[in-house]
Each structure stands twice: as C-alpha cells, then as structure tokens.
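this one's structure only:
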C-alpha cells in the first residue's frame, strides 16, 4: 500500500509560481511548462522554461553547440521517492539532472480535489498545481531498473519515462554550474533523460523532454 495518500496520485501541471508566498508577488512565473507525476510513492518532475533556445535541426547531444549543452544541463528534471507527513510533502530526488543542496519540501493544501497549493516552509514561494488526470481511476504503475531507480511511472494515459544514465569516465561534479563543466562532462550529466509521455491509442507520444528533439514523436525505449 502506498504511503502517499491517493489524493496526490496522478499527473499535475503547475499553473502558477509566485514569490513570496504571501502579499504582493515580486516574481510570477506562469509560462514554464511544469509536470509532476505521482505514481504511488514515486514521483517524476519535469520543467521546461518558455525561453528554451531553438533546437531546430538538432537530433542528438553530439549535434548540440556548447551553449545548447549548457542550457540543457541546467534544466530542472528529477525523480525519486515521495513522503507525506501531515501537510508536509518531501520529494527525495534519487535521479536529478541538476542537483542542489536544498531539501525539497513543501507545505501542501488542497483547494479542491484537483487543485493543490504548495508553499515553501519559510514562505519563499507559492505554487499552484492542477491535476490533469482527473477522472482516472487507474492503479499507479512503477517500473525500476536493476539498481532500483525508477525508469517508468504511469498513471492512466500519462507516464514519465526516466533514464538515470551512466556518466562513466566523465563523472561530472553534480553541484557544479554547467558553465564550469567540460563538454564531455556536460554530455555525461545529460545522460539523465526524463520525458513526459501520453498514450494515444496504442502509442505513447513524447509531449515534453529534457532533450527537445524527442518531443512530438513516438516514445523510443
């Protein structure tokens, strides 16, 4: 049985980010594409800003310029275990494209069954999430790789395909700014690949990806 209440399960899309959490916002972001899939105890989160550079004509990491690689390696995309304790939700990132030192924890409040407010415990920010898998009554599906990391999280017709990758000999400094990494280390960091996919009939279509050239195409394992 999941330790994360069923009301959290499904695919959520962020509709608003505001700083600070209370009072007149000093910063608002309502155009970044942000999707969070909660499948049982497991989550995946993918965020693509509206100012993403042009990747027209690019079909692989090897074809990316240095500037494009730096931008890709600075994206926010992660997956792991979720824990809910009262109003507090903690996302333990086991796969993370751009790791940091801050603990990812939010104070949660359901405005209604399909609208969720998340606030930073110190009031730094406020986020509003809208469930877009409303009406689904499917059991979450979780598949893990040989090391126990999530590789596929699914709820109904929505899923996240996760590749934790392997850096090999070019193990990058996980906390380093992408600008400080060698090109080989940038590509090693980009071994992490997370895709939001949606099922249409018998086909899974990539809707959003850490690698833009994969989007609007059928999912390839």
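Received it, and whenever you're ready, just let me know what you need. All of these numbers come straight from a predicted model, not from anything done at the bench.

need the next SSE after the worst-scoring helix or strand of the chain on mean pLDDT, C-terminal direction.
The element with the least model confidence among the helices and strands of the chain, by mean pLDDT, DSSP states H and E, is helix 183-189, at a mean of 90. Next along the chain after helix 183-189, taking DSSP states H and E as the criterion, comes strand 193-200.

can you tell me which residues contact residue 209?
Under the criterion of C-beta atoms under 8 Å, 6 or more residues apart in numbering, the contact list for residue 209 reads 46, 193, 194, 195, 196, 215. Glycine gets a C-beta too; all of them are placed from N, C-alpha and C.

Dig out what the fifth one forms beta bridges with.
Taking DSSP bridges as the rule, residue 196 bridges to residue 160, residue 208.

Just the pLDDT for residue 166.
The model reports residue 166 with a pLDDT of 69.

Please disregard the earlier target; I meant residue 6.
Predicted confidence (pLDDT) for residue 6: 92.

Excluding chain neighbours, what is closest to residue 107?
In this structure, residue 107 finds its nearest non-sequential neighbour in residue 119, 4.8 Å apart by C-beta to C-beta, 6 or more residues apart in numbering.

now for the least confident helix or strand of the chain, which elements pack on it?
The helices and strands touching helix 183-189, judged by 3 or more C-beta pairs under 8 Å, 6 or more residues apart in numbering; DSSP states H and E, are helix 66-73.

quick one: the helix it packs on to chain centroid distance?
18 Å (C-alpha atoms, centre = their mean, to the nearest Å).

cool, and stretch 193-202?
Between the mean C-alpha location of stretch 193-202 and the chain-wide mean there is a distance of 14 Å, by C-alpha atoms, centre = their mean.

Go through it and flag the buried ones.
Using 16 or more other C-beta atoms under 10 Å as the test for burial, stretch 193-202 gives 193, 194, 195, 196, 197, 198.

Can you name the residues that contact the last one?
So that's residue 198. Taking C-beta under 8 Å, 6+ apart as the criterion, residue 198 is in contact with 157, 158, 159, 204, 205, 207.

With respect to residue 66, which of the residues you listed is nearest?
residue 207 (27.7 Å; C-beta to C-beta).

wait, that closest one sits on residue 196?
Yes: Residue 207 sits in contact with residue 196 when judged by C-beta atoms under 8 Å, with a separation of 5.0 Å.
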